[in-house]
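>>> have a look at this fold, sequence not included:
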């Protein structure tokens, strides 16, 4: 319900990446004056409620859904648990965008 209330109308987001950006889960890059860049952080600009909800959902999915668990485990070994959960939340939001724009049902 909270996800639906935060998104309002899925047609506002022409691509899944616009929705990810709105949720504040888009990866960002910062560049220093010396020209060094830092990657691997999220922008956190956008809806904090949607971001929080998706992270909570990602934590449950990483434990119970086989596909998301495999995705989480693969990333956790490379980047750590916190970044892996954030990546799962982003992946779930992209899947949600495709489901809502193509009007797929949640049951098989």
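Received, thanks. In this text, all values refer to a predicted model and were calculated from it rather than measured experimentally. Numbering: from 1, shown residues only.

>>> give me the distance between residue 68 and residue 28.
Distance, residue 68 to residue 28, using C-beta to C-beta, to the nearest Å: 23 Å. Quick note: C-beta positions are derived from backbone N, CA and C, even for glycine.

>>> between the two, tell me which one has more neighbours.
Neighbour count, other C-beta atoms under 10 Å: between residue 68 and residue 28, residue 68 has more, with 20 against 14.

>>> which helix or which strand is home to that one?
In the assignment (DSSP states H and E), residue 68 maps to helix 66-79.

>>> so how far is the following helix or strand past that helix from its chain's centroid?
In the C-terminal direction, the helix or strand that comes right after helix 66-79 (DSSP H and E) is helix 81-101. Relative to its chain's centre, helix 81-101 lies at 4 Å (C-alpha atoms, centre = their mean, to the nearest Å).

>>> contacts for helix 81-101, please.
3, 7, 10-11, 13, 15-17, 19-20, 23, 25-26, 40, 42, 51, 54-55, 57-59, 61-62, 68, 71-73, 75-76, 79, 104, 106 (C-beta atoms under 8 Å, 6 or more residues apart in numbering).

>>> which of those residues are buried?
Among the contacts of helix 81-101, those buried by neighbour count (16 or more other C-beta atoms under 10 Å) are 3, 7, 13, 16, 19-20, 23, 25-26, 42, 51, 54-55, 57-58, 61-62, 68, 71-72, 75-76.

>>> looking at this structure, which helix or strand does the model trust least?
strand 37-42 (a mean of 62; mean pLDDT, DSSP states H and E).
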